[in-house]
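Trainee: 3D model of this:
(chains A and B)
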Amino acid sequence: SAVISQKPSRDICQRGTSLTIQCQVDSQVTMMFWYRQQPGQSLTLIATANQGSEATYESGFVIDKFPISRPNLTFSTLTVSNMSPEDSSIYLCSVEAGLAGDTQYFGPGTRLTVL
Amino acid sequence: AQSVTQLDSQVPVFEEAPVELRCNYSSSVSVYLFWYVQYPNQGLQLLLKYLSGSTLVKGINGFEAEFNKSQTSFHLRKPSVHISDTAEYFCAVSGWNQGGKLIFGQGTELSVKP
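Mentor: This next block holds a predicted model:
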């Protein structure tokens, strides 16, 4: 498995501002993922972040709104830009680990409230 | 593309009773299947997974699930639940050629009452 930490654990932000969420993993991993969990909802994949290449975004998510960095094999950031109340969600990062790299392990999440 | 349907949004059950949380999936390719648990105000924890081999998989905390390819199901079961099992449970699927992307069901809220 992998041990994943996220910062901040929660934040309350004003409309129109941006927040950068950090994800740190205790081992080198090739693939990192960012998910959004809106209140009372399931998880939706935002993007896949591979080191050394541009992130791949899912339908409905764009780089201008959710820029992602992946500077090395243990770290990634997700920025939520120009926030609105609709961005209030839990944001989770995950990594592929396990013997065959076929299982995703999740961080504790960042609970974001936008006023 | 894959999709996942969790047939029950809420499952109330009494302590020490058995429980089954239902999950059906659809996919045009072979899949990997997962169950995750989310305790209140926490992240997701892997309960168990099916990658290949035996269709009955055992996970943590006494949970097990059975992969049924003909019925495209992956139901989660526990013979005797505890109060501490109260949580949200998510079924997820990943296509073998989908670069690890997980598709989640809507979740089932398991509420265990004394």
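Trainee: CA atoms for contacts and neighbours, from now on please.
Mentor: Fine.
Trainee: So which residues on chain A come close to chain B?
Mentor: The interface of chain A toward chain B, taken as C-alpha under 8 Å from any C-alpha of the partner chain, is made up of A:41-45, A:92, A:96, A:102-109.
Trainee: Chain neighbours aside, what residue packs nearest to residue A:17?
Mentor: Nearest residue to residue A:17, sequence neighbours excluded (C-alpha to C-alpha, 6 or more residues apart in numbering or on different chains): residue A:82, at 5.0 Å.
Trainee: And residue B:88, by the same measure?
Mentor: residue B:109 (4.4 Å).
Trainee: So the one you found sits against residue B:89, correct?
Mentor: Yes. If you go by C-alpha atoms under 8 Å, residue B:109 and residue B:89 touch, sitting 6.3 Å apart.
Trainee: between these two, who's got more neighbours?
Mentor: Remark: of residue B:109 and residue B:89, residue B:89 carries more neighbours, 28 against 19, as counted by other C-alpha atoms under 10 Å in any protein chain shown.
Trainee: tell me the SS of that one?
Mentor: Residue B:89 falls in the strand class when you classify it by DSSP: H, G, I helix; E, B strand; the rest coil.
Trainee: do you know how far it is from chain A?
Mentor: As judged by C-alpha to the nearest C-alpha, to the nearest Å, residue B:89 and chain A stand 10 Å apart.
Trainee: Correct me if wrong: that residue contacts residue B:111.
Mentor: No. Using C-alpha under 8 Å, residue B:89 is not in contact with residue B:111, being 10.7 Å away.
Trainee: So, low pLDDT: which residues of chain A?
Mentor: Within chain A, the segments meeting pLDDT under 70 span A:98-101.
Trainee: Nearest to chain B within it, name that residue for me.
Mentor: residue A:108 (4.0 Å; C-alpha to the nearest C-alpha).
Trainee: what about that residue, which SS state?
Mentor: Three-state assignment for residue A:108 (three-state DSSP): coil.
Trainee: if we can go back for a sec, for the residue nearest to residue B:88, which residues are in contact?
Mentor: Contact partners of residue B:109, counting by C-alpha atoms under 8 Å, 6 or more residues apart in numbering or on different chains, are B:9-11, B:86-89.
Trainee: what does chain B put close to chain A?
Mentor: B:42-46, B:90, B:100-107.
Trainee: Now flag whichever of the residues you listed is closest to chain A.
Mentor: residue B:43 (4.0 Å).
Trainee: quick one: pLDDT of that closest one?
Mentor: Here the pLDDT value assigned to residue B:43 is 85.
Trainee: Surely it and residue A:108 touch.
Mentor: Yes. With contact defined as C-alpha under 8 Å, residue B:43 counts as touching residue A:108 (4.0 Å).
Trainee: out of these two, which sits in the more crowded spot?
Mentor: Neighbour totals were compared for residue B:43 and residue A:108, and residue A:108 leads with 24 against 19 (other C-alpha under 10 Å).
Trainee: What separation is there between the more buried one and residue B:38?
Mentor: Counting by C-alpha to C-alpha, to the nearest Å, the gap from residue A:108 to residue B:38 is 10 Å.
Trainee: anything in contact with each of the two?
Mentor: Here residue A:108 and residue B:38 have residue B:44 as joint contacts, going by C-alpha under 8 Å, 6+ apart.
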